[in-house]
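Trainee: could you work out the structure for the sequence below:
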Amino acid sequence: MEWIAALLLVLLVWAVVIYNLLVRDLHRVRAAWSDIEVQLKRRHDLIPKLVDAVRQYAAYEQATLSTLTELRSRAAGAARAGLRAPLEQALGAEIHKLIALAEAYPDLKASDSFLDLQRNLTEVENDIQMARRYYNGAVRNYNVRIDSFPDLLIARLFRFRPAEFFELEDAA
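Mentor: Here you go, the predicted model:
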């Protein structure tokens, strides 16, 4: 009888440890997503300034400016990584396109405010990439844990669901 009680105690301790590891990993994923959202907000805050700077010099580029503004609004409204990633990827492509357009406007290219915005955007893009790599690593670790035996027994019992990766690069 004592060995049955000891076995039940060991199983209970094992279940608690696994549950706590799952919760820890889930919180890492959530914290990493929060870091990505902070960086994306920084990017989104720079976009109106960039649009205004370009609008002053390049009145003929209204289609690009409108697309950029519309993508910014759509991306800000998407909550899940899987929905937001393609919008953010398109937004990044439009930002690069807009900066490339600046090459055709020497006055804009020489503008201190535009150069400062360009530096800030480069810094934000680098920060987004670092935050994305950390987030995807946290997602990988969490997803592996919930798919690995014996952890999957506790994960399924408590309905832990896989997290989505946040991919910005085109696989092609």
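Trainee: so who does Pro150 touch?
Mentor: Going by Cβ atoms under 8 Å, 6 or more residues apart in numbering, Pro150 touches 14, 18. Placement of C-beta: from N, CA and C, glycine included.
Trainee: and the gap between it and Asp107?
Mentor: Look at Pro150 and Asp107: by Cβ to Cβ, to the nearest Å, they are 66 Å apart.
Trainee: quick one: average confidence on the helix or strand containing Arg145?
Mentor: Assigning secondary structure by DSSP states H and E places Arg145 in helix 112-147. The average pLDDT within helix 112-147 is 93.
Trainee: buried residues in it, which are they?
Mentor: Taking 16 or more other Cβ atoms under 10 Å as the neighbour-count basis, helix 112-147 is seen to contain the buried residues 114, 117-118, 120-121, 124, 127-128, 131-132, 135-136, 138-139, 142-143, 145-146.
Trainee: with just CA atoms, put the helix or strand that it is followed by into CSV.
Mentor: Tracing the chain C-terminally past helix 112-147 and defining elements by DSSP H and E, one meets helix 151-157 next. Presented in CSV, the C-alpha positions along helix 151-157 are these (Å, rounded to 0.1, in the frame of the first residue of the first chain):
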residue,chain,number,x,y,z
ASP,A,151,4.7,16.4,-21.5
LEU,A,152,2.0,16.1,-24.2
LEU,A,153,-0.1,14.2,-21.7
ILE,A,154,-0.3,17.2,-19.4
ALA,A,155,-0.5,19.6,-22.3
ARG,A,156,-3.5,17.9,-23.8
LEU,A,157,-5.2,17.5,-20.4
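Trainee: helix 151-157: which residues count as buried?
Mentor: Within helix 151-157, the residues that count as buried by 16+ other Cβ under 10 Å are 151, 154-155.
Trainee: for those, which one is nearest Gln62?
Mentor: Ala155 (50.8 Å; Cβ to Cβ).
Trainee: so who does that closest one touch?
Mentor: Shown here is Ala155, whose contacts under the criterion Cβ under 8 Å, 6+ apart are 22, 145-147.
Trainee: swap the cut-off to 10 Å and go again
Mentor: When contacts are counted by Cβ atoms under 10 Å, 6 or more residues apart in numbering, Ala155 is found next to 18-19, 21-22, 25-26, 142-143, 145-148, 161-162.
Trainee: can you check Thr122 too?
Mentor: Residues Ile99 are the ones in contact with Thr122 under the rule Cβ under 10 Å, 6+ apart.
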